[in-house]
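Participant: take this sequence and fold it.
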Amino acid sequence: MMRRLTVATVGAVAVSADLPSTMPGFVVKNRWSSPKLINTAVPQLGDLHKSRTGLPESCEVLVEVKYSSINPADRYTNPPFPQVMGSDIAGTVVAVQDSCTRLVVGDKVWADIGAVTGNGKENGAFAPIAVALESQLGTMPRNLGFEEAASLPKVSLTTYKAFTRYGGAPFSAGATVLVLGGSGGTGSAGIQLAKAMGAQEVITTTSASHADYVKSLGATQIIDYHYANWWEVLDAGSVYSILDTHGGDGVGDYAMSVLKSGGHYVTITGAMPTHIPSDKSANMFINSDDNLDNLPLLEAIRSIVEADQLRMPQRKIYALNDIADAFTESKGGHVDGKLVIQMPNIVETSV
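Facilitator: Numbering: from 1, shown residues only. All right, here's what the predicted structure looks like:
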């Protein structure tokens, strides 16, 4: 069954889209079940405000998702159930509420819609149609296609927030930044954003097989974690800012020994130090805790992307039908860059 939406007028041209009532989606039914690809209902405008509390005053937008991508956080389930999983989207606006003032049908957008609300988690990216707040959706960088654009929102927002809120960015001349776990998605963004924000030296940990990749992103020194411990390689007090994307026993305490006075450590894994010296800082944060009003941040990141200072050159594409295989690869923990999910085309448009 198809439903026709006459959703906007662009100049004198009416744009309409035929949407089915159901679609394939990677759905988790309850806290104890694993997500499965099943047939699920297509979302409608207003669904978010009907089912979530604590939302900002923003209108809702339907997006035809062209591509999504997998992040480690996407493996964890939160109510309400059942729920379409997934957070990163790149696609085209197919419908907007009357109160929307910025986006119109046909706009190309990107976003991380994985957000903690007042009564549960918002997701929905692992399906061909997603509903999101206008305040969550940024204009897609003009130099990216949908595939690459889908690989960047969560990892870019995570690293941008980490550096600007907790990591001491923008960095002064001569600053040295250490990114723990440089070849993964967040690490890939972290290396590039550290350089874009002024770091002179960007050190990263990875394996020798990934050395050429992280060098291409701007890493100036590579420590192979198979053969050396970074806290033994680096001099005490030699690093201004550390971004931990990897975690591990004692990482926070080792970071305190490597940081210089006035330095900053931020982790997205929870590996906090047991003691924080008064002249250093340590913070842990979860990106999805404040993911409901990202527009200003996405605009700042878009400028960096359009200046060719942030890309995701290493990507592997899976079809939505094969998303379970992509999750298996993600759980292995050795992904270079990002795993991208291509959505089937279920929207019929007419002009």
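
Participant: contacts, neighbours, all on C-alpha from now
Facilitator: Fine.

Participant: can you tell me how far the nearest residue to residue 37 once chain neighbours are set aside is from residue 278?
Facilitator: Once flanking residues are discounted, residue 37 sits nearest to residue 26: 4.3 Å by CA to CA, 6 or more residues apart in numbering. As judged by CA to CA, to the nearest Å, residue 26 and residue 278 stand 46 Å apart.

Participant: distance of the spatially most central residue of the chain from residue 85?
Facilitator: Closest to where the C-alpha atoms of the chain average out (CA atoms, centre = their mean) is residue 154, at 0.9 Å. Applying CA to CA, the value for residue 154 to residue 85 is 14 Å.

Participant: now do residue 284
Facilitator: Taking CA to CA, one finds residue 284 at 24 Å from residue 85.

Participant: circling back: who has more neighbours out of residue 26 and residue 278?
Facilitator: Neighbour count, other CA atoms under 10 Å: between residue 26 and residue 278, residue 26 has more, with 24 against 8.

Participant: my read is that one is in a strand, agree?
Facilitator: Yes. Applying DSSP: H, G, I helix; E, B strand; the rest coil, one finds residue 26 inside a strand.

Participant: skip the chain neighbours and tell me the closest residue to residue 275.
Facilitator: Nearest to residue 275 is residue 253, by CA to CA, 6+ apart, at 7.1 Å.

Participant: chain center to the longest strand anywhere in the chain: distance?
Facilitator: The longest strand of the chain (DSSP state E) is strand 60-70. Strand 60-70 sits 13 Å away from the centroid of its parent chain (CA atoms, centre = their mean, to the nearest Å).

Participant: partner strands of it, with direction?
Facilitator: Next to strand 60-70 in the sheet, as set by DSSP bridges, lie strand 88-96 (antiparallel), strand 129-133 (antiparallel), strand 338-342 (antiparallel).

Participant: turn those into CSV, including mean pLDDT and mean neighbour count.
Facilitator: Below are the strands paired with strand 60-70 laid out as CSV (pLDDT from 0 to 100; neighbours: other CA atoms under 10 Å):
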stretch, mean pLDDT, mean neighbour count
strand 88-96, 98, 27
strand 129-133, 98, 27
strand 338-342, 98, 25
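
Participant: in a markdown table, list the ones you listed along with distance to residue 46.
Facilitator: What follows is the strands paired with strand 60-70, written out as a markdown table (distance: least, CA to CA, whole Å):
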| stretch | distance to residue 46 |
| --- | --- |
| strand 88-96 | 10 |
| strand 129-133 | 9 |
| strand 338-342 | 26 |
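
Participant: residue 183 is nearest to which of these?
Facilitator: When the strands paired with strand 60-70 are ranked by proximity to residue 183, the top entry is strand 338-342, at 9.5 Å, counting by CA to CA.

Participant: for that closest one, the distance to its chain's centre please.
Facilitator: Counting by CA atoms, centre = their mean, strand 338-342 is centred 12 Å from the centre of its parent chain.

Participant: so what touches it?
Facilitator: Residues external to strand 338-342 that are found in contact with it (CA atoms under 8 Å, 6 or more residues apart in numbering): 66-71, 126, 147, 150-151, 184-185, 312, 314-320, 323, 326, 330.

Participant: and stretch 174-186, by the same measure?
Facilitator: With contacts defined as CA under 8 Å, 6+ apart, stretch 174-186 is touched by 71, 155-156, 158-159, 187-188, 190-191, 194, 198-206, 210, 213-214, 238-246, 312, 334-338.

Participant: now a ChimeraX select for only the buried ones of these.
Facilitator: Buried residues among those (16 or more other CA atoms under 10 Å), as a ChimeraX selection:
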select :71,155,156,158,159,187,188,190,191,194,198,199,200,201,202,203,204,205,206,210,213,214,238,239,240,241,242,243,244,245,246,312,335,336,337,338
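
Participant: in helices, which of the contacts of stretch 174-186 appear?
Facilitator: The helices, defined by DSSP state H, take in 155, 156, 158, 159, 187, 188, 190, 191, 194, 213, 214 from those.
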